[in-house]
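Colleague: Structural data only, the sequence is not supplied:
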């Protein structure tokens, strides 16, 4: 019987192999560099294509998550989540935040009704409340948070704002990885993510603040203190986003959401830090810039 405060699934999570940080480092670097260069070229030369990139990535991430949920016998309606998620992202283009909010509310409502009758009109729904709550969580977690990356690219200096988001999160990830591997001795939250350390967190903070200061100053031409504030907030949201996905995977008893990206796992395994950070970056830059 598990001890108090320990989730029974913890002992069944597959062991992490490879480097100290649990990654195939050469593959991760190659994939990350390729994706990074591609996204920079898109944002610099054809920024509106960013909306399509986000939409495709969110569709794949939603597919990965719903597939894993089904393996755990959680019925999250895939079709309304996929279609509604695209509406959440694309309606931000002509209608802004109002279009995003309306599409999200409509998606949540359709998912509630869909789950009510997905076994027919005569069948009694099983685990309706649990499955519906998880479905709405997925809709908020993936397309709703991602919509702020779309809203950003539509603003003045939109490509620069998105680059501030991407570079800040990458700096946080690289700083945390390097400091964690070299100096990590004190676990931050071992019950959720055993490899995360306080040393890694402070490495993330240092790299993210420097990266955000430089991007806000050099790309947006704004006050460096805005960059310091953005970097300080981003490292918190990026870390929390990673912990949220770690806990979801722990409860589902899986190591990765998918296998599409060598060295990284699935698309969702790369988006965990970016999704909440997209909202925070949009908020900070919209208010202060």
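Modeller: Noted; the coordinates are in hand. Fair warning: this is a prediction, and the values are worked out from it, not measured in the lab.
Colleague: For the helix or strand where residue 176 lies, buried residues please.
Modeller: Residue 176 belongs to helix 158-183 when assigned by DSSP states H and E. Neighbour-count burial for helix 158-183, counted by 16 or more other C-beta atoms under 10 Å, picks out 158-181. Using the backbone N, CA and C atoms, a C-beta is placed for each residue, glycine as well.
Colleague: just how off-centre is it within its chain?
Modeller: With C-alpha atoms, centre = their mean, to the nearest Å as the basis, helix 158-183 stands 14 Å off its chain's centre.
Colleague: Quickly find the element holding the closest residue to residue 275 other than its chain neighbours.
Modeller: Spatial nearest neighbour of residue 275, chain neighbours left out: residue 145 (4.0 Å); criterion: C-beta to C-beta, 6 or more residues apart in numbering. Applying DSSP H and E as the criterion places residue 145 in helix 145-153.
Colleague: so what secondary structure elements neighbour that helix?
Modeller: For helix 145-153, the packing partners by 3 or more C-beta pairs under 8 Å, 6 or more residues apart in numbering; DSSP states H and E come out as helix 49-71, helix 78-90, helix 92-117, helix 158-183, helix 274-288.
Colleague: Contacts for the shortest one, please.
Modeller: Spelled out, it's helix 78-90. Around helix 78-90, the neighbours that count as contacts under C-beta atoms under 8 Å, 6 or more residues apart in numbering are 51, 54-55, 58-59, 62-63, 66, 100, 103-104, 106-108, 110-111, 114, 135, 138-139, 142-144, 146-147, 150.
Colleague: try 7 Å
Modeller: With contacts defined as C-beta atoms under 7 Å, 6 or more residues apart in numbering, helix 78-90 is touched by 51, 54-55, 58-59, 62, 66, 100, 103-104, 106-107, 110-111, 114, 135, 138-139, 142-144, 146-147, 150.
Colleague: Quick check: mean pLDDT of that helix?
Modeller: Helix 78-90 comes out with an average pLDDT of 97.
Colleague: Direction included, what does the top strand by length along the chain pair up with?
Modeller: The single longest strand within the chain, with elements called by DSSP state E, is strand 193-197. Next to strand 193-197 in the sheet, as set by DSSP bridges, lie strand 187-189 (antiparallel).
Colleague: how far does the partner strand sit from the chain's center?
Modeller: For strand 187-189, the distance to the chain centre is 20 Å (C-alpha atoms, centre = their mean).
Colleague: List the buried residues in that strand.
Modeller: When burial is assessed from 16+ other C-beta under 10 Å, strand 187-189 yields the following buried residues: 187, 188.
Colleague: Please convert the helices and strands packed on helix 145-153 to a markdown table, extending it with distance to residue 215.
Modeller: Output for the helices and strands packed on helix 145-153, formatted as a markdown table (distance: least, C-beta to C-beta, whole Å):
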| stretch | distance to residue 215 |
| --- | --- |
| helix 49-71 | 16 |
| helix 78-90 | 24 |
| helix 92-117 | 23 |
| helix 158-183 | 5 |
| helix 274-288 | 10 |
